[in-house]
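**Q** sequence below, structure please.
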Amino acid sequence: MTGLPNPGNRIDPLMMLNGRPSGWTKLYPRRNLVRNDAVVAYCFGSTAPFEWAETAWDSPARLGVRARASLLRRRPGADSAFHRRQFTG
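**A** As a prediction, this is how the structure comes out:
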């Protein structure tokens with residue numbers, strides 16, 4: 001479970017629960033893969049549950065994230081985004 005970073009920010013300070021393989025957990029923030037992750041992009045646009053295969057792996061950078069995930073034994077899965085309103089004032 002993680003928060004979604006604002007564009008240009010890192011994801012590692014927002015990670016709360018992590019069941020991912022340790023190699024992926026280290027590589028993902030170090031390479032800032034969040035910026036090209038199709039799953040994260042999908043989460044920004046939807047709160048409906050979805051399978052990762054439904055996301056748009058439509059660019060070389062996104063395909064690179066998926067390939068690295070596979071090499072590090074990251075298995076296909078599902079996600080659901082929770083959005084919260086930011087109140088100011």
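**Q** could you pick out the longest helix of this protein?
**A** Longest helix in the chain by number of residues (criterion: DSSP state H): helix 60-71.
**Q** for that helix, name the packing helices and strands.
**A** helix 22-30, helix 38-45 (3 or more CB pairs under 8 Å, 6 or more residues apart in numbering; DSSP states H and E). Placement of C-beta: from N, CA and C, glycine included.
**Q** point out the most buried one among the ones you listed.
**A** helix 38-45 (a mean of 16; mean count of other CB atoms under 10 Å).
**Q** below-threshold pLDDT in the chain: ranges please.
**A** Where the chain drops to pLDDT under 70, the residues are 17-18, 83-89.
**Q** center of it, which residue is that?
**A** residue 40 (3.9 Å; CA atoms, centre = their mean).
**Q** residues contacting that one?
**A** Each residue near residue 40 by CB atoms under 8 Å, 6 or more residues apart in numbering is listed here: 4, 11, 34.
**Q** now do 6 Å
**A** residue 34 (CB atoms under 6 Å, 6 or more residues apart in numbering).
**Q** same list (the helices and strands packed on helix 60-71) but as TSV, adding distance to residue 16.
**A** Shown next, in TSV, are the helices and strands packed on helix 60-71 (distance: least, CB to CB, whole Å):
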stretch	distance to residue 16
helix 22-30	13
helix 38-45	15
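**Q** of all those, which one comes closest to residue 71?
**A** Minimum separation from residue 71 across the helices and strands packed on helix 60-71 (CB to CB) falls at helix 22-30, 8.6 Å.
**Q** report the inter-axis angle for the longest helix of the chain versus helix 22-30.
**A** 160 degrees (axes from the mean of the first three to the mean of the last three CA atoms, to 10 degrees).
**Q** show me what counts as buried in helix 60-71.
**A** 62, 65-66, 68-69 (16 or more other CB atoms under 10 Å).
**Q** if we can go back for a sec, now do the residue nearest to the centre of the chain against residue 67, distance only.
**A** 16 Å (CB to CB, to the nearest Å).
**Q** show residues contacting stretch 47-54.
**A** 39, 76-78, 80-81, 83.
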